[in-house]
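In: This is the structure alone, sequence omitted:
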Ligand code: HEC
Ligand code: HEC
Ligand code: HEC
Ligand code: HEC
Ligand code: HEC
C-alpha cells in the first residue's frame, strides 16, 4: 500500500515537473526599488497590517499607496532626502511602481487569510523584516537565503504536517 502511494506521488511529481513548475521570483540584489524604503525605520510606530492592510482578509497582503505614505511625508520627518520622491509621485498622480519580490508560480494556490486566521506570525514566513533596513528574507527570495522551488514546498509541507493542515497535492497545486 505504502509503495503504491509513493509510486503515485512519484508520477505526480513527474507530471507537475513536466508542466514546468518553477519559482518565479525576483532577486532583491538585482532589483532597484523606486524609493529606498526601509522597514526598520517604520516598524517602531507602524504595525505590519497598518501598511499591508488586506493580509488578513484576502489573498494579497497589499502594498500601501502613495497617499498613505504622503500623509506623513508631506512634512519633513527625516533628514534623509529619499522620501521627497513620494512628493513627485503625488504631484504626477502616479502610483509608486514597487517591484514585487515574492511571487509564487501562478499554478500555486496560496492565500494569506487562512494562515493569519490560524495565528501564524508574518515572521515565520518572511523572516525578521521589521528589523531589516535593506531587504526582505524568507519565502520566495531566490538569491539571499529565501526559499523557492522544492525547498519552499518542503517548508510549506513541514508546517502543514505539524499543524495538521492539508498535505494533499491539490491543496496547493491547481
Ligand atoms: C502546502 C502546499 C503544497 C503541497 C501540499 C504540495 N506542494 Fe508542491 N509545491 C508547493 C510550492 C509552494 C512549490 C514551489 C513553487 C514556487 O517555487 O514558486 C511547489 C513545487 C513543486 C514542484 C516543483 C519543484 C521544483 O523543484 O521546482 C513539484 C514537482 C511539486 N511541487 C509536486 C508536488 C506533489 C507531487 C505534491 C503532493 C504529493 C505536492 N507538490 C504537494 C506547495 C505544495
Ligand atoms: C510604512 C508601511 C509599511 C510597514 C509598516 C510594513 N511594510 Fe512591508 N512593505 C512596504 C512597502 C512600501 C514595500 C515595498 C518595498 C519593498 O519591498 O521594500 C513592502 C514590502 C514588503 C514585503 C515584500 C513584498 C514583495 O513581494 O515585494 C513583505 C513580505 C513585507 N513588506 C512584509 C512586512 C512585514 C512582515 C511588516 C511588519 C514587520 C511590514 N511589512 C511592515 C510597506 C510597509
Ligand atoms: C506614520 C507616518 C509614516 C508613514 C505612513 C510613512 N512613513 Fe516613511 N518615515 C516616517 C518617519 C517618522 C521616518 C523617519 C524615521 C527615522 O529616521 O527614524 C520615515 C522615514 C522614511 C524614509 C527614510 C528611510 C531611511 O533609511 O532613512 C523613507 C525612504 C520613507 N520613510 C518612505 C516611506 C514610504 C515609501 C511610505 C509609504 C509606503 C512611508 N514612508 C510611510 C514616517 C512615516
Ligand atoms: C504561511 C506563510 C506566510 C505568512 C504567515 C505570511 N506570509 Fe506574506 N507571503 C507568503 C507567500 C508564500 C507570499 C507570496 C504569495 C504569492 O506569490 O502568491 C507572500 C507575499 C506577501 C507580500 C507581497 C505580495 C502581496 O501579497 O501583496 C506581502 C506584502 C506580504 N506577504 C506580507 C505579509 C504580512 C504583513 C504578513 C503578516 C501579517 C504575512 N505576509 C504573513 C507567505 C506568508
Ligand atoms: C507556519 C505554518 C505554515 C506554513 C509555513 C504554511 N502553511 Fe499553509 N496552512 C497552515 C495552517 C495551520 C493552515 C490551516 C488553516 C485552517 O485550518 O483554517 C494552512 C492552510 C493552507 C491552505 C488552505 C487549505 C484549505 O484546506 O483550504 C493553503 C492553500 C495553504 N495553506 C498553502 C500553503 C503554501 C503554498 C505554503 C508555502 C508557500 C504554506 N501554506 C505554508 C500553516 C502553514
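Out: Sure thing, it's come through. Computed from a prediction, not measured in an experiment: that's the story for all the values here. Ligands and ions are numbered 1, 2, ... in the order given.
In: now residue 35, what's its secondary structure?
Out: Using DSSP: H, G, I helix; E, B strand; the rest coil, the secondary structure recorded for residue 35 is coil.
In: What pLDDT is listed against it?
Out: The model reports residue 35 with a pLDDT of 93.
In: neighbours of it, just the number please.
Out: Residue 35 has 18 neighbouring residues, counting by other CB atoms under 10 Å. From N, CA and C alone the C-beta is placed, and that goes for glycine too.
In: Nearest residue to it in space, please, no chain neighbours.
Out: residue 85 (4.9 Å; CB to CB, 6 or more residues apart in numbering).
In: Hmm, the one you found is touching residue 66, no?
Out: No - using CB atoms under 8 Å, residue 85 and residue 66 do not qualify as a contacting pair, with a distance of 9.9 Å.
In: And these two? Which one has more around it.
Out: Remark: of residue 85 and residue 66, residue 66 carries more neighbours, 20 against 16, as counted by other CB under 10 Å.
In: residues touching that one, list them.
Out: 86, 89, 90, 94, 95, 96 (CB atoms under 8 Å, 6 or more residues apart in numbering).
In: for residue 120, what are its contacts?
Out: Residue 120 sits in contact with residue 159, where contact means CB under 8 Å, 6+ apart.
In: in what helix or strand does it lie?
Out: Assessed by DSSP states H and E, residue 120 sits outside every helix and strand.
In: Against ligand 5, how distant is residue 80?
Out: When CB to the nearest ligand atom, to the nearest Å is the yardstick, residue 80 and ligand 5 sit 34 Å from each other.
In: Number the chain from 569, please
Out: Let's use 569 as the start, then, which means that last one is residue 648.
In: Now do the contacts for that residue.
Out: Taking CB under 8 Å, 6+ apart, we find residue 648 in contact with no residue.
In: From residue 718, how far off is it?
Out: 40 Å (CB to CB, to the nearest Å).
In: go on, residue 658?
Out: Using CB to CB, residue 658 is found at 43 Å from residue 718.
In: repeat for residue 666
Out: Separation of residue 666 from residue 718 (CB to CB) stands at 28 Å.
In: what about the helices in this protein?
Out: Assigned by DSSP state H, the chain shows helices spanning 570-586, 607-610, 616-619, 634-641, 652-660, 681-685, 690-694, 717-730, 737-740.
In: how about CSV for those, with mean pLDDT and distance to residue 601 added?
Out: Converted to CSV, the helices of the chain look like this (pLDDT from 0 to 100; distance: least, CB to CB, whole Å):
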stretch, mean pLDDT, distance to residue 601
helix 570-586, 38, 33
helix 607-610, 91, 12
helix 616-619, 94, 15
helix 634-641, 97, 13
helix 652-660, 97, 10
helix 681-685, 92, 25
helix 690-694, 82, 16
helix 717-730, 89, 23
helix 737-740, 95, 29
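In: Cool, thanks, signing off.
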